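Chemist: here is my input, please return the structure:
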Amino acid sequence: MDKIYDIIIIGSGPAGLTAAIYTTRANLKSLIIAGAKWGGQLQLTTIVENYPGFPDGIQGPHLMTAMRKQAERFGAQILDTDFVSGDFSKSGGPFKVRAGDKEYEGKAVIIATGADTKWLGVPGEAEKIGHGVSSCAPCDAPFFRGKNVVVVGGGDSAMEEALVLTDFAQNITLVHRKDSFRASEIMQKRVKENPKIKILFNTQVKEILGDQKVEKVRLLNNQTNEESEMPIDGLFVAIGHIPNSKVFEGIERDERGFIKVQDHYRTNVEGIFVAGDIHDAEYKQAVTAAGFGCAAALEAQWWLTGMK
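Modeler: Next up is the predicted model:
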């Protein structure tokens, strides 16, 4: 450990890279611990049509590569190494973090490790993510205009996905493995009253079929053990997200694992800030994550310079 960074950013999705653009332009010596699989969930997507500035859309990996180059242009040092641990016991810093087999020290830290989609884990799913399998209707619904789709889940997120899709898809089948939803009553009412949405309770997805894209889904009725196949064009998984927060000992989290925001993107530890899906359980959009990254970077800058 030969130098102390002004700020260490853990994570390299839209939140982390945007934060780095702001910290480096503020002349703060910045280190990004990007991870071996850098770039966040946008690395798994195809065309992104709702990120401002790209009227014809942009491929997710291309967007992340552009963000990375911009952060590097302003002087950010990027390590494609996984975060291992951090000593966050000393409020106010400096903080020591370990990535790979090396230790680094920073006066402040921004945690931006995001949240991973809970996938079904069934055959045919992984290879069709971005080719008919999605976890974000606000992102991908326009690609399914006039198509037949399945939404899997039983909470508010699944209801929201199904309702967003009604503006585009021809038919939506909402599949839930239990005999009742856990979603709020008002969301259930909206779904049940929408003529485009068909509901299948006690039903599980067993396999997603198709050559290069989604063509069918194999379903199991877990009460009768009867299997069936349904021709579809797309499948949306809405069974929740897992925030990547367990490795951050001493940082307060809510009951779902999302890091608690104390005041303007600060955590319970003075000098440690948070940005993106690691604390945001509501929006889960690239543009909001980038906005959170900007805000966390400004807060960290003001804190480091004693301006706030």
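
Chemist: drop to CA atoms for contacts and neighbour counts, all remaining ones
Modeler: Fine.

Chemist: quick check: closest non-adjacent residue to residue 107.
Modeler: Distances taken as CA to CA, 6 or more residues apart in numbering place residue 94 nearest to residue 107, at 4.3 Å, with adjacent residues excluded.

Chemist: for residue 58, see how far away that neighbour is.
Modeler: Per CA to CA, to the nearest Å, residue 94 is found 39 Å from residue 58.

Chemist: can you show me the strands along the stretch 151-300 of the chain?
Modeler: In the stretch 151-300 of the chain, the segments counted as strands under DSSP state E, counting those that start in this stretch are 171-175, 197-200, 203-209, 216-221, 227-231, 234-237, 241-243, 272-274.

Chemist: tell me the confidence at the residue nearest to residue 107?
Modeler: As summarised for this prediction, residue 94 has a pLDDT of 94.

Chemist: can you report phi and psi for it?
Modeler: Residue 94 has phi and psi values of phi -70, psi 160 when expressed as degrees, to the nearest 10.

Chemist: count the neighbours of it for me.
Modeler: The tally of other residues near residue 94 (other CA atoms under 10 Å) stands at 19.

Chemist: run through the residues that contact it.
Modeler: Residue 94 sits next to 105, 106, 107, 108 when contact means CA atoms under 8 Å, 6 or more residues apart in numbering.

Chemist: can you turn the buried part of these into a PyMOL selection?
Modeler: Applying 16 or more other CA atoms under 10 Å to those, the buried members can be selected in PyMOL as follows:
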select buried, resi 105+106+107+108
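
Chemist: what's the most distant pair in the contacts of residue 94?
Modeler: 105 and 108 (8.8 Å; CA to CA).

Chemist: per-residue confidence at residue 281?
Modeler: According to the prediction, residue 281 has pLDDT 85.

Chemist: hmm, who's touching the least confident helix or strand in the chain by mean pLDDT?
Modeler: Within the chain, confidence by mean pLDDT, DSSP states H and E is lowest for strand 47-48 among all helices and strands, at a mean of 81. Residues outside strand 47-48 that contact it (CA under 8 Å, 6+ apart): 57, 58, 59, 60, 139.

Chemist: out of the residues you listed, which are buried?
Modeler: Using 16+ other CA under 10 Å as the burial test, those include 58, 60, 139 as buried.

Chemist: a markdown table for those residues, including distance to residue 157?
Modeler: Shown next, in a markdown table, are the buried ones among the contacts of strand 47-48 (distance: CA to CA, whole Å):
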| residue | distance to residue 157 |
| --- | --- |
| 58 | 26 |
| 60 | 23 |
| 139 | 14 |
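
Chemist: in JSON lines: those residues, plus secondary structure.
Modeler: Shown next, in JSON lines, are those (DSSP: H, G, I helix; E, B strand; the rest coil):
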{"residue": "58", "secondary structure": "strand"}
{"residue": "60", "secondary structure": "helix"}
{"residue": "139", "secondary structure": "helix"}
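
Chemist: just the closest of these to residue 50, please.
Modeler: Ranked by distance to residue 50 (CA to CA), those are led by residue 139 at 6.8 Å.

Chemist: hmm, residue 51 and the closest one touching each other?
Modeler: No - under the criterion of CA atoms under 8 Å, residue 139 makes no contact with residue 51, lying 9.5 Å away.

Chemist: helix/strand/coil for the closest residue to residue 170 other than its chain neighbours?
Modeler: Once flanking residues are discounted, residue 170 sits nearest to residue 146: 4.5 Å by CA to CA, 6+ apart. When classified by three-state DSSP, residue 146 comes out as coil.

Chemist: I'd guessed residue 146 sits against residue 169; true?
Modeler: Yes - using CA under 8 Å, residue 146 is in contact with residue 169, at 4.7 Å.

Chemist: compare the two and say which is more crowded by neighbours.
Modeler: Applying other CA under 10 Å to residue 146 and residue 169 shows that residue 169 carries more neighbours, namely 22 against 14.

Chemist: ok now do the more buried one, which residues does it touch?
Modeler: For residue 169, the contacting residues are 141, 144, 145, 146, 147, 148, 149, by CA under 8 Å, 6+ apart.
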